[in-house]
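> Provided below are the primary sequence and the corresponding predicted coordinates.
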Amino acid sequence: MVAITSWCSLTARAQQSTGSSHTYVVSSQVGEVIDHQEKVRFGLFPYYAADDFKEARFLQYFSADSSSNSVVLQATMRSGELKTRRFTESELQDVRRQIEGRSQELQQYGARNAVAGDSIGGTYSVELRSGTSFVGVLLARSDNELEFDAQDIGRVSIQKSNIRSMQLLSETQLRKGWEPVGNGTRMFFAPTARNLRRGEGYVQDINIVLLGANYGITDHISIGALIPALPGVGLNVFAITPKVSVPISEKFHVGGGLLYAFAFGSGGGIAYGVGTYGTADNNATLGLGYLVGSGDVDASPVVLVGGATRISRRFSLLNETYITDGFLAGLVGARVSAARVSGSLGFIYGTGIPILPAYLEVAYRFGRVR
């Protein structure tokens with residue numbers, strides 16, 4: 001309230017005594033508007049909490065006769081509150097030096113660790129084995145530890161052995177404050193061409209009667225299995241689900257795999273190829289599969305069309321549709337996700353099929369994400 005009052009009085013005096021004002025660019029590295037990521041990246045404005053900060057800009061006011069001027073930092077918080085702070089020339093120079101110095105450090109760290117695989121300067125969601133989580137900009141890495149500039153707690157060095165998971169946040173996740181809730185590897189039953197990362201996996205219970213698990217052997221190869229939740233009660237099924245995925249670009253992946261089941265003394269399944277465009281949160285998939293069994297391959301392919309879109313922090317909409325020989329069937333529904341636990345509900349639909357709830361799943365993500 002004091003800051004707003006001071007700003008109002010300052011603005012009133014400026015309007016009375018100045019002839020003009022404009023945005024002051026303290027450094028070309030940040031431009032006219034300094035956003036949340038730039039504040040964290042360059043370690044700016046420590047008097048404003050990172051989790052409350054939205055953006056800021058410097059405004060320069062000139063007197064009517066151009067004999068004097070003043071510069072004011074105008075910061076907008078996530079709540080919409082406006083805070084201001086007057087800067088002297090020496091304070092502006094300190095900010096400029098801070099930005100230039102941090103930029104050089106990040107470039108040096110990036111060059112030094114270019115082959116390491118982690119994105120120096122990227123913002124990550126980090127979960128420690130102790131259960132503590134934070135969001136921070138990766139500043140440097142060594143053989144045994146990573147250094148972050150974390151929101152609220154500043155610079156911190158973490159031993160790699162203490163990190164349970166670490167995921168790079170997309171621009172959408174940063175802007176909306178969404179944590180990662182999976183790598184978009186499947187819809188309901190149907191796979192996408194995106195793959196589990198090495199060391200990442202999940203276990204699931206489907207319709208109470210089936211248990212499943214999938215694990216990333218590498219960033220491009222995963223293996224999974226389905227077994228009855230209650231062996232010996234009549235559902236004698238075992239299935240394996242290997243998959244290979246190759247990224248063509250950041251948003252486009254292609255892949256292929258097999259779902260092969262053994263039940264009641266015989267085996268059969270579907271071999272497929274898929275292409276997926278999009279991110280982990282929003283993607284579309286087109287695929288083609290062939291039924292296989294007893295050494296034969298069905299001549300009529302099954303076409304898969306599906307996708308997912310994340311509409312809020314916890315809620316995603318899903319669809320997968322299968323088309324073959326003029327017959328259409330699919331699942332449509334939603335998934336509610338937390339960082340490691342999710343629940344899905346799907347409704348079956350199709351040619352001559354009434355819309356009914358047919359898919360209920362609970363899944364738990366595990367493992368360490370590099």
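Nice, I can see it. Residues are numbered from 1 along each chain as shown.
> the spatially closest residue to F327 that is not a sequence neighbour: neighbour count?
Counting by Cβ to Cβ, 6 or more residues apart in numbering, T351 is the residue found nearest to F327 once chain neighbours are left out, at 5.3 Å. The way it works is simple: take the backbone N, C-alpha and C, and place the C-beta from them, glycine included. Per other Cβ atoms under 10 Å, the neighbour tally for T351 reads 9.
> how about T351, what does it touch?
G326, F327, L328, A329 (Cβ atoms under 8 Å, 6 or more residues apart in numbering).
> distance of the third one relative to A338?
In this case it means L328. Distance from L328 to A338, counting by Cβ to Cβ, to the nearest Å: 33 Å.
> on that earlier part again, can you list which of the contacts of T351 are found in strands?
F327, L328, A329 (DSSP state E).
> what is the least confident helix or strand in the protein?
helix 2-17 (a mean of 44; mean pLDDT, DSSP states H and E).
> just how off-centre is stretch 205-212 within its chain?
Counting by Cα atoms, centre = their mean, to the nearest Å, stretch 205-212 is centred 27 Å from the centre of its parent chain.
> typo on my end, it should be stretch 274-293
Remark: stretch 274-293 is offset 20 Å from the chain centroid, using Cα atoms, centre = their mean.
> quick check, pLDDT for S300.
You'll see S300 listed with a pLDDT of 83.
> residues touching it, list them.
By Cβ under 8 Å, 6+ apart, the residues touching S300 are T324, D325.
> bridging residues for R310?
Beta-bridge partners recorded for R310 (DSSP bridges): S316.
> tell me the contacts of the nearest residue to L128 once chain neighbours are set aside?
In space, and not counting its chain neighbours, L128 is closest to N162: 5.4 Å by Cβ to Cβ, 6+ apart. N162 is in contact with L128, R129, S130, counting by Cβ under 8 Å, 6+ apart.
> residue ranges of the helices in the chain, please?
For the chain, the helices defined by DSSP state H cover 2-17, 36-42, 89-112, 171-176.
> where does the prediction get shaky in the stretch 201-350 of the chain?
Residue ranges of the stretch 201-350 of the chain with pLDDT under 70: 231-235, 264, 294-295, 297.
> how about the residue nearest to F327, phi and psi?
Backbone geometry at T351, expressed as degrees, to the nearest 10, gives phi -60, psi 110.
> show the pLDDT at it.
Here the pLDDT value assigned to T351 is 91.
> what about it, distance to E100?
Taken as Cβ to Cβ, the span from T351 to E100 is 65 Å.
> next one: L345
52 Å.
> ok, G131 next?
Taking Cβ to Cβ, one finds G131 at 38 Å from E100.
> those two: who's more crowded?
More crowded of G131 and E100, by other Cβ under 10 Å: E100, with 14 against 7.
> right, and that one touches S27 too?
Yes: counting by Cβ atoms under 8 Å, E100 touches S27, with 6.8 Å between them.
> check contacts around Q29.
E38, F42, I99, E100, S103.
> likewise H36?
Contact analysis of H36 by Cβ under 8 Å, 6+ apart lists A50, F53, K54, E55, L174.
> try 7 Å this time
F53, K54, E55 (Cβ atoms under 7 Å, 6 or more residues apart in numbering).
> by neighbours, which of those wins?
F53 (21 neighbours).
> for that residue, what are its contacts?
Contacts for F53 (Cβ under 7 Å, 6+ apart) come out as H36, K39, A75, M77.
> same deal with T324?
Residues counted as contacts of T324 (Cβ under 7 Å, 6+ apart) are S300, P301, V302, V303.
> picking up where we left off before, can you convert the contacts of N162 into TSV and add a column each for pLDDT, distance to I240 and neighbour count?
Below are those laid out as TSV (pLDDT from 0 to 100; distance: Cβ to Cβ, whole Å; neighbours: other Cβ atoms under 10 Å):
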residue	pLDDT	distance to I240	neighbour count
L128	83	34	15
R129	78	31	12
S130	77	35	8
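> just those residues now: which is nearest G212?
Using Cβ to Cβ, R129 is the member of the contacts of N162 that lies nearest G212, at 25.4 Å.
> that closest one: what's it in contact with?
Listed by Cβ under 7 Å, 6+ apart, the contact set of R129 reads N162, R164.
> so in that sheet, which strands flank the lengthiest strand in the chain, and in what orientation?
Among the segments of the chain that qualify as a strand by DSSP E, the longest is strand 353-367. Take DSSP bridges as the rule and strand 353-367 pairs in its sheet with strand 200-206 (antiparallel), strand 341-350 (antiparallel).
> buried residues in the first one?
By 16 or more other Cβ atoms under 10 Å, the buried positions in strand 200-206 come out as E200, G201, Y202, Q204, I206.
> partner residues bridging S337?
Listed by DSSP bridges, the beta-bridge partners for S337 are S342.
> now do the contacts for it.
With contact taken as Cβ under 7 Å, 6+ apart, S337 is in contact with V181, G182, R314, S316.
> thought V341 was touching Y364?
Yes: counting by Cβ atoms under 7 Å, V341 touches Y364, with 5.6 Å between them.
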